[in-house]
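Engineer: I would like the atomic coordinates for the input below:
(one chain, ligands or ions: 1)
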Amino acid sequence: MRVLLTGGAGYVGSHAAWMLHRAGHDVWAYDNLSEGHRKAVPEGRLVVGDLMDRTKLEATLREHKIEAVMHFAALAYVGVSVTNPAEYYQNNIVGTLSLLDSMRAAGVNRIVFSSTCATYGTPERVPITESEKQSPINPYGFTKLVIEHALADYSHAYGLGYAALRYFNASGAAADSSIGEDHDPETHLIPLVLQVALGQRENIKIFGDDYPTPDGTCVRDYIHVDDLATAHLAALKNLNDGSQLKLNLGTGNGASVMQVVEACRKVTGHPIPVEIVGRREGDPPELVADASLANQTLGWQPKYTHIEAIVASAWHWHQQNPRGFVRGE
Ligand code: UDP
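Structural biologist: Just a heads-up that it's a prediction; the model follows:
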């Protein structure tokens, strides 16, 4: 298929771009490079453009005769969304509405949307199924939930076929370490812990050890980025006019912040000192997926089910690329 990936130069987007490319799809990344990396995209497959530039978006969709869009482009830091919500509402909501309008104008009727477990807020039941109430506790989750509603309404009114894939914690790197995670600034747990092992950071600050969890630190479901990518391919195959898929993507295994640090110690052999600091605003205690619906609907199953294997794949990338993608590339 001819597929446009917004944010295709970003972390999850680039892993999906490569997987689609290798599977023989005609792939185009559309990215403003505010967070993404030119080097992460298959050669000659990047269109540098902004979601707010409707003229360029629509022209790109028409020129490459795009049949489906995967929409990764978004801001995705829970903490920053609390302190700077304006950026989040603008990029994640207004930017996506611009994309949806451009798609309608160009007659593109399929979309796979990067949603998030942050739409659930503090869930009443864990593991979380898709029928759990969506009640976000931070602006990031709220912006994603607004778009889920827009997709449902557009599907109903205009026959849009969509899959909202609710990622749990994206992590790890491509098995051959050709691409991996590189955010600036980095705020995610696993890369920050691995920066300690690389000697780039003195210790890891743990945001709160007084949560109602077994060791007091927050529990998350870390899902490998290549497993997210395979789910995107499966969702794409599954989409028809008017499809409405809403699926959790996680392993079903929770790991606490302390357990992640411990896994990093094992994988790297570094003692990794920790410092307990206050809670980060917007963090629920525990988010773990029940992903059985994705399994039933798409036949999808994650290959990486243990935190150590996920950390090991991230570690290979960070060891080989200690400065990430060189800036500007
Ligand atoms: N975390 C932490 N120290 C850090 C970064 C993250 O203790 O320096 C915790 C954070 O509070 C959360 C978990 O690690 O409970 C995962 O956070 P991350 O930012 O990686 O992903 P998020 O869950 O926000 O999507």
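Engineer: need the contact list for residue 58.
Structural biologist: 102, 105-106 (Cβ atoms under 8 Å, 6 or more residues apart in numbering). Placement of C-beta: from N, CA and C, glycine included.
Engineer: try 10 Å
Structural biologist: 98-99, 101-106, 108 (Cβ atoms under 10 Å, 6 or more residues apart in numbering).
Engineer: Return the per-residue confidence for it.
Structural biologist: At residue 58, the model reports a pLDDT of 98.
Engineer: Using PDB, write down the CA coordinates of the strand or helix carrying it.
Structural biologist: Per DSSP states H and E: residue 58 is located in helix 54-63. Below are the C-alpha coordinates for helix 54-63, written out as PDB (Å, rounded to 0.1, in the frame of the first residue of the first chain):
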ATOM      1  CA  ARG A  54      -2.600  22.000   4.900                       C
ATOM      2  CA  THR A  55      -1.500  22.900   1.400                       C
ATOM      3  CA  LYS A  56       1.700  20.900   1.600                       C
ATOM      4  CA  LEU A  57      -0.100  18.000   3.400                       C
ATOM      5  CA  GLU A  58      -2.800  17.700   0.800                       C
ATOM      6  CA  ALA A  59      -0.300  18.000  -2.000                       C
ATOM      7  CA  THR A  60       1.800  15.300  -0.500                       C
ATOM      8  CA  LEU A  61      -1.200  13.000  -0.100                       C
ATOM      9  CA  ARG A  62      -2.200  13.600  -3.700                       C
ATOM     10  CA  GLU A  63       1.300  13.400  -5.300                       C
END
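Engineer: Now do the helix or strand just after that helix: which elements does it pack against?
Structural biologist: Next in sequence after helix 54-63, counting helices and strands by DSSP H and E, comes strand 68-71. If you count contacts as 3 or more Cβ pairs under 10 Å, 6 or more residues apart in numbering; DSSP states H and E, strand 68-71 packs onto strand 2-6, helix 11-22, strand 26-31, helix 95-106, strand 110-116, strand 161-167, helix 225-238.
Engineer: so which of the ones you listed comes closest to residue 141?
Structural biologist: strand 110-116 (6.3 Å; Cβ to Cβ).
Engineer: Could you spell out the sheet neighbours of the closest one, each with its direction?
Structural biologist: strand 68-71 (parallel), strand 161-167 (parallel) (DSSP bridges).
Engineer: Hey, what's the angle from that strand to helix 11-22? Just curious.
Structural biologist: Angle, strand 110-116 to helix 11-22, by axes from the mean of the first three to the mean of the last three Cα atoms, to 10 degrees: 150 degrees.
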